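>>> The following comprises the amino acid sequence and a computationally predicted model.
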Amino acid sequence: MTLSSPAHSELIIRKSRFIGCVQPMSDRAGAQAQVAALRALHPGAAHVCWALLAGGHSAAVDDGEPGGTAGRPMLDVLRHQDLESVLATVVRYFGGVKLGAGGLVRAYTGTIAQALLDADKIVLQRMLTLQCAVPYALEGVLRRSIEQAGAHLLQVSHGALVELSFSLPESQGAQFLALANEQSQGHIQWL
């Protein structure tokens, strides 16, 4: 699962303000840029902690909080929710009262968990991109098959043959190929 859009939360715990955000993020460079933007947006914040799960990689940054009290617990929340390609950030304004290690872990995980309650989660699907060439007489048949399969038409070019490029969920690939080959009686050239 991943998120379709950012979701926010805010907690006040013993005078400290925790501003959380979970959002879709595909890579570490994008995450670092987002964290830099948060630092610029909140220059008076004591900490900007974050966790990232993206592309099989993970990151957990405590940003000056005691080791293992912010980034790693936030990362654990993302993993527990079975999320991928998600960045979790928490901006902390220190309120003058120390929370202790357990209090910090609860504050950071609670902020992210609260944001995830409002987050719109969507299923991630591996996509398969197919390219083919067909005679003009079969273009309409193939376009209808693409539409019925819920595939996304990416590109069409007209030359001696009609070349089409489209994507569909990987799990539907074999079934779509068999159906398209049957409907075209073998006249599709797969590129």
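Thanks, I have the structure now.
>>> ranges for the helices of the chain?
Counting by DSSP state H, the segments of the chain that form helices are 28-41, 71-80, 100-118, 139-148, 173-183.
>>> May I see those arranged in TSV, with distance to Ile12, mean neighbour count and mean pLDDT as well?
Every C-beta, even on glycine, is put in place using the N, C-alpha and C of the backbone. Output for these, formatted as TSV (distance: least, CB to CB, whole Å; neighbours: other CB atoms under 10 Å; pLDDT from 0 to 100):
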stretch	distance to Ile12	mean neighbour count	mean pLDDT
helix 28-41	19	14	94
helix 71-80	18	19	94
helix 100-118	10	19	94
helix 139-148	51	15	87
helix 173-183	50	14	85
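>>> how about these in a markdown table, adding distance to Val22?
Output for the helices of the chain, formatted as a markdown table (distance: least, CB to CB, whole Å):
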| stretch | distance to Val22 |
| --- | --- |
| helix 28-41 | 11 |
| helix 71-80 | 8 |
| helix 100-118 | 5 |
| helix 139-148 | 34 |
| helix 173-183 | 32 |
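>>> Just tell me which of those helices ends up closest to His8.
Across the helices of the chain, His8 has its closest neighbour in helix 100-118 (5.9 Å, CB to CB).
>>> contact partners of the closest one?
7-11, 13-14, 16, 18-22, 49, 51, 65-66, 68-70, 73-74, 76-78, 81, 88, 90, 92, 99 (CB atoms under 8 Å, 6 or more residues apart in numbering).
>>> again, only this time at 7 Å
7-9, 11, 13, 18, 20-22, 49, 65-66, 69-70, 73-74, 77, 81, 88, 90, 99 (CB atoms under 7 Å, 6 or more residues apart in numbering).
>>> Those residues, buried ones only, as a ChimeraX selection?
Of the contacts of helix 100-118, the buried ones go into a single ChimeraX selection, burial set by 16 or more other CB atoms under 10 Å:
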select :7,9,11,13,18,20,21,22,49,65,69,70,73,74,77,81,88,90,99
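>>> circling back to that earlier point, which one of the helices of the chain lies closest to Phe166?
helix 139-148 (5.3 Å).
>>> quick one, what contacts Ser167?
Met127, Leu128, Thr129, Ala151, His152, Leu154.
>>> switch the cut-off to 10 Å
Ser167 sits next to Met127, Leu128, Thr129, Leu130, Ile146, Ala151, His152, Leu153, Leu154, Gly173 when contact means CB atoms under 10 Å, 6 or more residues apart in numbering.
>>> What of Gly95?
By CB under 10 Å, 6+ apart, the contact list for Gly95 reads Ile12, Ile13, Arg14, Lys15, Ser16, Arg17, Phe18, Ala46.
>>> Count the neighbours of the fifth one for me.
In other words, Ser16. 20 (other CB atoms under 10 Å).
>>> That'll do, ta.
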